[in-house]
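1. Model the following, please.
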Amino acid sequence: MKWDQELFIQYVAELQEHLFSDMTLEEIIEKAKVDHHRARRFMNLYILKDKTTFHNFYSRREDLEIQSIFDQVISALFYETEKRPIKQEIIIDLLGIRQEMIQNGVEGYGIKEFDKDLLAYGMYWRKRRGDLAEMREEIRSKLDENNKLKLTEFE
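-> Below you'll find the model as predicted:
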């Protein structure tokens with residue numbers, strides 16, 4: 001899987017619409033601060049939308065009281081980067097995240113939770129742009145060929 005920032009932004013927007021359609025981002029942040037499970041997990045992904053979003057929220061993390069979200073995301077991104085090249089691509093190339101940005105390291109469940117959310121995006125990506133998309137196109141192409149053959153039989 002290659003990192004696709006445009007599709008990731010679309011994924012986050014769809015996730016926000018699905019989970020919090022009637023809430024503003026400020027309301028979601030408030031829920032995340034009191035450890036609302038879905039709001040926290042959503043914010044973990046939301047801050048990764050792009051470099052500007054990440055650094056904007058990072059600079060305001062103490063005022064917004066969301067340092068723990070950054071600790072979880074950054075800890076998870078730096079965990080086993082050699083096994084998951086996509087993390088390296090996000091950290092170094094795209095968002096400019098440094099390990100020194102972690103205030104309180106997160107281990108265990110917090111890392112697994114973030115990795116699970118990243119895998120969910122991976123499935124979304126594959127469905128729209130990856131192997132599954134290629135397979136669907138191949139099937140459609142064969143169906144179209146078969147349909148054309150059947151139509152010419154009756155001419």
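2. List the buried residues in stretch 100-114.
-> Neighbour-count burial for stretch 100-114, counted by 16 or more other Cβ atoms under 10 Å, picks out Met101, Ile102, Val106, Gly110, Ile111, Glu113, Phe114. All C-beta spots, glycine's among them, are computed from the backbone N, C-alpha and C.
3. Show me what the mean pLDDT comes to for the one helix or strand the fifth one maps to.
-> So that's Ile111. Using DSSP states H and E, the element containing Ile111 is helix 109-128. Summarised as a single mean, pLDDT over helix 109-128 is 89.
4. Same check on stretch 37-50?
-> 95.
5. Off-centre distance for it?
-> Its chain's C-alpha centre and that of stretch 37-50 lie 8 Å apart, by Cα atoms, centre = their mean, to the nearest Å.
6. mind listing what's buried in that stretch?
-> For stretch 37-50, using 16+ other Cβ under 10 Å, the buried residues are Ala39, Arg40, Arg41, Phe42, Met43, Asn44, Leu45, Tyr46, Ile47, Leu48, Lys49.
7. just to confirm, which helix or strand has the second one in it?
-> Secondary structure assignment for Arg40, by DSSP H and E: helix 37-46.
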